[in-house]
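1. what's the 3D shape of this:
(one chain, ligands or ions: 1)
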Amino acid sequence: MFKKFWWFISYYKNKYILAVLFLLLSDLVGLIPPYITGRLTDMIFEGNIELKVFLLILGLDLLIILIKYLFAMSWSYFTFRAGNEIDYKAKDNLMTKFLEQSLKFFETHSTGSLMGKATNDANSISNLAGAGTLSLFDSTIFPLFIIVMMMVVVDVKLTLASIIPLPILAYLCILIGNKIYARWAKVQRAFDKLNTNILEDVEGIRIIRVFNLQKSRYNKFEESGKDLCDKNMNVVKYQALMTPVQRIIPALTFVIAIGYGSFLISNGEITIGQLVSFTYYLNMLVWPMYAFGNFINIKQQGTASMDRIQEVLDYEEDIVESIDAFDLETNPNIEFSDYSFKYPSSKEKVLKDINIKIESGKSLGVLGKTGSGKSTFIKQLLRLYPIDTNHLYLDGERIHKYSISSVREKIGYVPQNHMIFSKTIKENIKLSKPKATDEEVMEAVRFADLEKDLSTFPEGLDTLCGEKGISLSGGQKQRIGIARAFLKEPDILILDDSMSAVDGKTEKNIIENIKKKSRGKTTIISCHRISQVKDCDEIIVLNKGTITERGTHEELLKKGQWYAKQYKNQMARSRFDEKDEK
Ligand SMILES: Nc1ncnc2c1ncn2[C@@H]1O[C@H](COP(=O)(O)OP(=O)(O)OP(=O)(O)O)[C@@H](O)[C@H]1O
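-> You can find the predicted model right below:
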């Protein structure tokens, strides 16, 4: 167990050392009152005690008890503090790991399960580090002291006879604890499932309402809620079994002690005072016996949780940067050479034998039917998934020669699924450049043709977007994404179908701004509307992951293939829309 937890505990070893020190002091001091009480009883029975001495001894007894509790308070403080800090550490380690992972990791771990690990599992570990450690020391070191005192102050035979039930207690606790361990992992998995359901329902509440799915979603929730309850009950059954074991066995030790102790008194082998001391010590043993059961229970839950957290912490990173990676300093020429790509979960290649050079400062338009691989293609530079780095070159060097962060630093990326955080509009834009001045932010706003919308926001740029930008229109969210990417002043601007929700005029303005303000920068635009890419230096058409057409707008029109047909259709539609608007 300690091997698993040591790296956690080692962070707080000083606090643990202090805690153990106070514990030892508290335990040692706690051994004095039973001895004094026994001696006092014998003095009373012998009739040779004065009231003054009697009161003095009682006062001393009280003082010792007080000191013991002061030590106990200190020990408890340091242990629980370490427990809380370990909870934070576990969450911190998990979060650091989450932030480093590729998208493959998030596709193989559900959000519910990751949240479960960062909350429930981290709590179980903290419980083990706090209450668990307290129970461990209380149920091992403390009883040893007590047993030695029972032997020294009273009688070895009586001690050995009374502690006979203790190994039975230990055996039963371990047996029950093992049952809890296996069941606790199932509880956590059921918790993950419930978490995922709740998250999906909250996020998808609009769709649920519109399609009247409340009943079926509720049934699903009820099913996973009941499953969690059942799995919890499986643990509770064994926890409940632990309680009688923890009560009956100590009672057994008392029966033996009183019975055999009375026999020893009648034989004159021990005094009444010694039996009083003995039962006092025995009473002190009850808590450690209880604590042992507690420890096993907490330990098994903590260990199951630790295994689940460790599984995430041990997850091998699938995007590993080479140790001699250097920073990309230039706006590079980009070259895909016989490049193919497959998602970790897909069976077939999504990009096949792609050959294309994008010269620094030039623009590339990417078109194709839905699902043809446009987004996949333009995301390759970002290295969000493990990719074939041997066939993707930047300035003639394979991409893995460069540090990932320096490559990403060069890119301003506007994803298809815009991500808006629950902050103000300005803060959302400034995410790419936190130190940007207000003037720079305004320039980005103008670039994204968002300025005209500012008057419609109650507090202009300082308007809160709400969770996931709930208070914004689709087109506004897209333009915040564009402003965010522009503000970064990237060498490479990548737009992934990020003007699909804006009207023709706004789209035209943004395209004009890109042409004006992105001189010398590389621009890659993936979209369905030809109007967004027709002025690009080169346009490619993807079909099932391969390039089927390439050239300038005019060249592609001359070819008369898919691109030309699409253009004809889109032109007809836009003429119709214009008439409609009039
Ligand atoms: N994370 C993923 N894991 C597995 N397969 C994926 C993943 N993302 C996309 N795909 C698959 O890859 C293929 C190409 O998807 P991609 O999103 O690149 O197409 P697209 O041309 O951008 O489509 P659209 O125009 O609809 O946005 C599709 O078959 C899609 O199902």
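2. Grab the nearest non-local neighbour of the residue in the stretch 1-150 of the chain that the ligand sits nearest to.
-> Nearest residue of the stretch 1-150 of the chain to the ligand: E107, at 5.9 Å (C-beta to the nearest ligand atom). Heads up, the C-betas are built off the backbone N, CA and C, glycines and all. Nearest residue to E107, sequence neighbours excluded (C-beta to C-beta, 6 or more residues apart in numbering): S345, at 6.0 Å.
3. What strand or helix carries the one you found?
-> For S345, there is no helix or strand it lies in under DSSP states H and E.
4. do K357 as well
-> Using DSSP H and E, the element containing K357 is strand 351-358.
5. Show me what that strand is packed up against.
-> strand 334-341, helix 374-379, strand 538-543, strand 546-551 (3 or more C-beta pairs under 8 Å, 6 or more residues apart in numbering; DSSP states H and E).
6. ok, the residue nearest to E107 - contacts?
-> 104, 107-108 (C-beta atoms under 8 Å, 6 or more residues apart in numbering).
7. Out of those residues, the closest to Y77 would be?
-> Comparing these against Y77 with C-beta to C-beta places T108 closest, at 41.2 Å.
8. tell me the contacts of the closest one?
-> T108 touches 344-345, counting by C-beta under 8 Å, 6+ apart.
9. repeat for the one 10 residues further on
-> Under the criterion of C-beta under 8 Å, 6+ apart, the contact list for A118 reads 90-91, 94-95.
10. Equivalent analysis for G273, please.
-> 38-43, 45.
11. The strand holding K357: what's the following helix or strand?
-> strand 363-368.
12. angle of that next one against strand 334-341?
-> Relative orientation of strand 363-368 and strand 334-341, computed by axes from the mean of the first three to the mean of the last three C-alpha atoms, to 10 degrees: 20 degrees.
13. Contact residues of the protein facing the ligand?
-> Within the chain, the positions near the ligand by C-beta under 6 Å from any ligand atom are 107, 343, 345-346, 350, 368, 370-376, 416, 497.
14. try 8 Å this time
-> 103, 107, 343-346, 350, 368-377, 379, 385, 416, 496-497, 526, 528, 542, 545 (C-beta under 8 Å from any ligand atom).
15. who's in contact with the closest residue to the ligand within the stretch 201-350 of the chain?
-> Across the stretch 201-350 of the chain, no residue is closer to the ligand than Y343, which sits at 3.4 Å (C-beta to the nearest ligand atom). For Y343, the contact set (C-beta under 8 Å, 6+ apart) comprises 350, 376, 385.
16. Determine how far stretch 300-310 lies from the middle of the whole chain.
-> Computed by C-alpha atoms, centre = their mean, to the nearest Å, the chain-centroid distance of stretch 300-310 equals 14 Å.
17. got it, and stretch 80-92?
-> Distance, centroid of stretch 80-92 to centroid of chain: 14 Å (C-alpha atoms, centre = their mean).
18. Show residues contacting that stretch.
-> 8-9, 11-12, 15-16, 19, 118, 121-123, 125-131, 133-134, 309.
19. ok, of the contacts of A118, which come out buried?
-> With burial judged by 16 or more other C-beta atoms under 10 Å, the buried subset of these is 90-91, 94.
20. What are the boundaries of the strands in the chain?
-> 334-341, 351-358, 363-368, 392-394, 397-398, 411-414, 492-496, 522-526, 538-543, 546-551 (DSSP state E).
21. Including mean neighbour count, could those go into TSV?
-> Below are these laid out as TSV (neighbours: other C-beta atoms under 10 Å):
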stretch	mean neighbour count
strand 334-341	18
strand 351-358	17
strand 363-368	25
strand 392-394	20
strand 397-398	14
strand 411-414	21
strand 492-496	24
strand 522-526	25
strand 538-543	21
strand 546-551	17
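22. Take those strands and lay them out in JSON lines including mean pLDDT.
-> Formatted as JSON lines, the strands of the chain follow (pLDDT from 0 to 100):
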{"stretch": "strand 334-341", "mean pLDDT": "95"}
{"stretch": "strand 351-358", "mean pLDDT": "95"}
{"stretch": "strand 363-368", "mean pLDDT": "95"}
{"stretch": "strand 392-394", "mean pLDDT": "94"}
{"stretch": "strand 397-398", "mean pLDDT": "92"}
{"stretch": "strand 411-414", "mean pLDDT": "93"}
{"stretch": "strand 492-496", "mean pLDDT": "94"}
{"stretch": "strand 522-526", "mean pLDDT": "95"}
{"stretch": "strand 538-543", "mean pLDDT": "96"}
{"stretch": "strand 546-551", "mean pLDDT": "96"}
